[in-house]
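K.L.:
Dropping a prediction and its sequence here:
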Amino acid sequence: MNLKEDLFRIKRRLRELWQYKIFRYALIVHGFYFILSIILTLIFLRDKNDFLVYYKVGKVFINDINDLYNPANYKWPFRYLPLSAILFVPFYLLGFDLGFIFFNIINLFLNILICIILYKLILLIRDENHEKDEKRVILYISLYLMSLPNLFNYILGQINLYIALMILISLFIFLKHNNIKWDLIASIILGISIIVKPIMVFMIPFLIVLSLDLKRKKIVFNFSTTIVRLIGVIIPILLNSIIFLLYPKLWEAFLTINLTGSEAKLLNHSFSITKLINNFCVFYSIPCNHILILLIMIIVIGGLGFLIYILRIKNQFSIIYGYLFSILIMLLVYFDSWDHHLLILTPILIIIIFNLPRHSEITKKFIKPSFFFLIFFDLAFMGIWFFTQDWFPINFVPTLFLILIFYGISKQCLKGD
């Protein structure tokens, strides 16, 4: 198929999609988000965005890599693995203004790819009692495009779309292909996502092919597939050891900034359970160890999520639920869970909505209400936090909806719909 035929096919598909009113609205709204973000950031928020950190990371990586994790270099700490810094070098070389515009153009392109992969995933896993046409599929993809975390992500110049795309591609590969070669490829893609955002490490346990049937007293464990997946996900992560060996100071600095740095003790609007507890203790001058709180949350929430996952009653498409558990655990456990991180979660929620039966009680009571809150109303509670932080610095409402999803999906895994 030549380029001319490809362009004709794309043009014809766009005409088909344009017939959906919600899709037209979504394109207009998303385009508005994109343009508004460039205006706001370059004119009013030049020193209040995350891209500024990435921009300076590119500079430090070129000039003095040993200083990569020095918090004095940035307004907010850089927490990612050192190889991820290579991603930001081109944007530094372009200069801040042009670099930010190019960065967001890439983000816009990533969102297009996310929608395409999401569409393919939905068709692949859609429960048989859903409508056979694509009307509701286009509806939910349009809702994703109109979601407010997209605007927030563009304004901040964040990298969540890189992560979301890699997660969806790896998930598509796991579901579409059932062999060792493709398991390795999908796992490597996940490993790359962990380089860019180390907190994605919570996904690793859910790559283990393990299930326990208590009624039949049966254990299902695929050793070879599990080993291949774990090797695949670890390979990209281990590549960072080369940098750590060449620059030994970086390892200690990386651990400090992610676990023991003073930033973890500051009051902020993060909605993780760990941060809510930390905020409460700090605000009311209650002695606490924030690392201990983190470890307890990992053991309790992470352990509970993994236990429920391996006790699931169904194995078809089970990895979708493993992905969802891992992202929920990440958001509920780590210190810094922000509103723009929801772009990693919401595509998986859409997939779950279509994988569950059309009139599922789990969807109706737990998934849908949380989905609509997270895409349209969550940012309002971030704003409320800034008004109430002097007397109640706890952004707990998003946490409740994340727990609601956690409970609903746990119920689905253990009892079915």
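P.N.:
It's in. Residues are numbered from 1 along each chain as shown.

K.L.:
tell me which residues in stretch 138-148 are buried?
P.N.:
By neighbour count with 16 or more other CB atoms under 10 Å, stretch 138-148 contains the buried residues 138, 140-148. Every residue, glycine included, has its C-beta placed from N, CA and C.

K.L.:
Using PDB, write out every CA atom in that stretch.
P.N.:
The C-alpha trace of stretch 138-148 is given here as PDB (Å, rounded to 0.1, in the frame of the first residue of the first chain):
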ATOM      1  CA  ILE A 138     -16.200   7.000  19.900                       C
ATOM      2  CA  LEU A 139     -18.200   8.500  22.800                       C
ATOM      3  CA  TYR A 140     -15.700   7.300  25.400                       C
ATOM      4  CA  ILE A 141     -12.700   8.200  23.400                       C
ATOM      5  CA  SER A 142     -14.100  11.600  22.900                       C
ATOM      6  CA  LEU A 143     -14.700  11.900  26.600                       C
ATOM      7  CA  TYR A 144     -11.100  11.100  27.200                       C
ATOM      8  CA  LEU A 145     -10.000  13.800  24.700                       C
ATOM      9  CA  MET A 146     -12.200  16.300  26.500                       C
ATOM     10  CA  SER A 147     -11.000  15.300  30.000                       C
ATOM     11  CA  LEU A 148      -9.500  18.200  32.000                       C
END
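
K.L.:
Begin at 11, not 1, for the rest of this chat.
P.N.:
Okay, using 11 as the starting number, the last item reads as stretch 148-158.

K.L.:
Work out the gap between that stretch and the centre of the chain.
P.N.:
Relative to its parent chain, stretch 148-158 has a centroid offset of 16 Å by CA atoms, centre = their mean, to the nearest Å.

K.L.:
Stretch 141-149 now?
P.N.:
On the basis of CA atoms, centre = their mean, stretch 141-149 sits 25 Å off its chain's mean C-alpha point.

K.L.:
Can you measure across that stretch, start residue to end residue?
P.N.:
Using CA to CA, to the nearest Å, the gap from the first to the last residue of stretch 141-149 comes to 13 Å.

K.L.:
if we can go back for a sec, pipe the buried residues of stretch 148-158 into a markdown table and attach pLDDT, distance to residue 296 and secondary structure per row.
P.N.:
Supplementary listing: these in a markdown table, determined by pLDDT from 0 to 100; distance: CB to CB, whole Å; DSSP: H, G, I helix; E, B strand; the rest coil:
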| residue | pLDDT | distance to residue 296 | secondary structure |
| --- | --- | --- | --- |
| 148 | 97 | 50 | helix |
| 150 | 98 | 43 | helix |
| 151 | 97 | 45 | helix |
| 152 | 98 | 46 | helix |
| 153 | 98 | 41 | helix |
| 154 | 98 | 40 | helix |
| 155 | 98 | 43 | helix |
| 156 | 98 | 41 | helix |
| 157 | 98 | 36 | coil |
| 158 | 97 | 34 | helix |
